[in-house]
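Peer 1: how would this look folded up:
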Amino acid sequence: MSKAVMIHQHGGPDMLRYEDVEVGAPGGGEVRIRHTAIGLNFLDTYYRSGLYPAPNGLPLVPGGEAAGIVEAVGDGVTFLKKGDRVAYTTPLGAYCEERLIPAEKLVKVPGAVSDEDAAAMMLKGMTAEYLLRRTYPVKAGDTVLYHAAAGGVGLIFGQWARKLGVTLIGTVGSAAKAELAKANGYEHVINYAEEDFAARVKEITSGKLCDVVYDSVGKDTFEGSLNCLRSRGMFVTFGQSSGPIPPFNLALLSQKGSLYATRPTLFQYIAKRAELEESSAALFDVVGSGAVKILINQRYALKDVAQAHADLEARRTTGTTILIP
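Peer 2: Got it, this is the predicted structure:
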């Protein structure tokens with residue numbers, strides 16, 4: 001028997017159950033992997049609470065990224081073998097010791113990247129990749145605002161954006177998080193618990209405002225984010241940690257300066273195998289070269305995942321958190 005974290009009913013962290021499961025042998029096109037480290041993401045809490053419906057209903061195993069060792073391969077799998085180090089991001093299924101997964105979802109982990117780093121960065125790092133390189137391809141000289149700069153995606157984003165030569169502004173909720181953001185690429189950091197971030201952005205940019213705003217906070221920052229954009233700037237909302245953005249009239253975008261707005265999600269950006277390989281290769285390159293460092297600031301045993309969720313939702317974590325099976 002193997003262990004997995006199951007959700008049988010939506011609700012708070014206490015709905016996460018550590019249970020025995022049967023894994024079985026891989027079928028055609030599948031691989032059985034033994035996890036060595038598992039990433040924790042705010043997205044996981046959405047599936048637990050029911051904010052995001054699980055594709056196949058309940059019960060479900062949450063978790064969207066992990067790294068591990070190939071234990072067995074099914075028929076038709078030719079690019080992987082037993083003993084290979086692999087990593088992945090998928091919407092669900094990572095909170096477990098072992099699992100079956102389609103081989104096409106896996107990428108090999110290069111020697112320059114540790115298992116813990118790989119598990120901590122696949123979802124967050126490829127999110128930073130598509131935001132920076134594809135949703136709004138930033139370039140040297142652009143001015144960028146990123147909310148939740150001390151979070152897991154935010155710290156990767158900050159280091160990567162600094163490498164690209166942008167003027168980077170981040171928001172945080174505490175003085176400690178401000179110092180962390182400054183150490184990871186953010187030239188200007190605004191503590192929105194103490195300052196009006198929109199007014200501060202206007203001051204920092206001498207009224208020119210930002211080319212793009214990346215917002216994973218949602219309800220609490222939506223209106224202010226639009227006020228930070230120059231004419232024809234882009235608002236990128238890719239999360240809602242404070243709650244969903246309320247319905248609004250699209251004419252608001254015209255009134256604010258013919259703004260663009262988009263709601264991307266990672267899994268649309270890596271839906272094709274070639275896109276997954278390109279995105280993960282770009283991530284492995286910046287991490288393996290040392291240009292981006294993965295800050296794993298919290299580690300929990302998999303069996304203690306309920307405490308990990310509680311700490312994440314209470315904003316008691318910074319950087320990246322991993323679960324150890």
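Peer 1: Only alpha carbons, please: show stretch 184-203 as CSV.
Peer 2: Listed in CSV are the C-alpha atoms of stretch 184-203, where the atom choice follows Å, rounded to 0.1, in the frame of the first residue of the first chain:
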residue,chain,number,x,y,z
ASN,A,184,14.9,38.9,-5.5
GLY,A,185,14.8,41.4,-8.3
TYR,A,186,12.3,44.1,-7.3
GLU,A,187,13.7,47.6,-7.7
HIS,A,188,10.7,49.1,-6.0
VAL,A,189,8.5,47.4,-3.3
ILE,A,190,5.2,48.7,-2.0
ASN,A,191,3.7,47.5,1.3
TYR,A,192,0.0,47.8,0.4
ALA,A,193,-0.8,47.4,4.1
GLU,A,194,0.7,50.8,4.7
GLU,A,195,0.5,52.6,1.3
ASP,A,196,-2.0,53.2,-1.6
PHE,A,197,-0.1,51.1,-4.2
ALA,A,198,-1.7,52.9,-7.2
ALA,A,199,-0.7,56.3,-5.9
ARG,A,200,2.8,55.0,-5.1
VAL,A,201,3.1,53.5,-8.7
LYS,A,202,2.2,56.9,-10.1
GLU,A,203,4.9,58.5,-8.0
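Peer 1: Show me which residues of that stretch are buried.
Peer 2: Of the residues in stretch 184-203, those buried by neighbour count under the rule 16 or more other Cβ atoms under 10 Å are 184-192, 197-198, 200-202. Backbone N, C-alpha and C define where each C-beta goes, glycine included.
Peer 1: Stretch 302-315 now?
Peer 2: So stretch 302-315, judged by 16+ other Cβ under 10 Å, has buried residues 302, 305-306, 308-309, 311-313.
Peer 1: List the contacts of Lys303.
Peer 2: Shown in contact with Lys303 (Cβ atoms under 8 Å, 6 or more residues apart in numbering): 3, 18.
Peer 1: now the helices for the stretch 1-150 of the chain?
Peer 2: Remark: helices assigned in the stretch 1-150 of the chain by DSSP state H, counting those that start in this stretch are 42-49, 115-130.
Peer 1: hey, which of those is tucked in deepest?
Peer 2: Of all the helices of the stretch 1-150 of the chain, helix 115-130 has the most neighbours on average by mean count of other Cβ atoms under 10 Å, namely a mean of 27.
Peer 1: what angle sits between that helix and helix 42-49?
Peer 2: For helix 115-130 against helix 42-49, the angle between stretch directions is 90 degrees (axes from the mean of the first three to the mean of the last three Cα atoms, to 10 degrees).
Peer 1: Just flag the most distant two among the buried residues of stretch 302-315.
Peer 2: The widest separation within the buried residues of stretch 302-315, taken as Cβ to Cβ, falls between Leu302 and Glu313 and amounts to 18.1 Å.
Peer 1: Which residue, neighbours along the chain excluded, lies closest to Phe79?
Peer 2: Spatial nearest neighbour of Phe79, chain neighbours left out: Ala103 (7.3 Å); criterion: Cβ to Cβ, 6 or more residues apart in numbering.
Peer 1: Which residues are in contact with His8?
Peer 2: With contacts defined as Cβ under 8 Å, 6+ apart, the neighbours of His8 are 15, 17, 58-59.
Peer 1: Please list the members of the residues you listed that lie in strands.
Peer 2: Taking DSSP state E as the definition of strands, these contribute Arg17.
Peer 1: thinking again about what came up before, of the helices of the stretch 1-150 of the chain, give the one that comes closest to Ala72.
Peer 2: Once the helices of the stretch 1-150 of the chain are compared by Cβ to Cβ, helix 115-130 is nearest, at 18.5 Å.
Peer 1: and stretch 173-186, which residues are buried?
Peer 2: Residues of stretch 173-186 classed as buried under the neighbour-count rule (16+ other Cβ under 10 Å) are 173, 177-178, 180-182, 184-186.
Peer 1: which residues are in contact with it?
Peer 2: With contact meaning Cβ under 8 Å, 6+ apart, stretch 173-186 is reached by 146, 149-150, 154-155, 157-162, 168-170, 172, 189, 191-193, 295, 315, 318-319.
Peer 1: Ends of that stretch, what's the gap?
Peer 2: Terminal residues of stretch 173-186 lie 15 Å apart, using Cα to Cα, to the nearest Å.
Peer 1: what do you get for stretch 167-178?
Peer 2: Taking Cα to Cα, the first and last residues of stretch 167-178 lie 16 Å apart.
Peer 1: How far away from the center of its chain is that stretch?
Peer 2: If you compare the mean C-alpha spot of stretch 167-178 with that of the full chain, they lie 18 Å apart, counting by Cα atoms, centre = their mean, to the nearest Å.
Peer 1: what is the mean pLDDT for that stretch?
Peer 2: Stretch 167-178 shows an average pLDDT of 95 in the prediction.
Peer 1: which residue ranges form the helices in the stretch 201-325 of the chain?
Peer 2: Under the criterion DSSP H, counting those that start in this stretch, the stretch 201-325 of the chain contains helices at 222-226, 251-255, 266-269, 273-288, 305-313.
Peer 1: Noted, bye for now.
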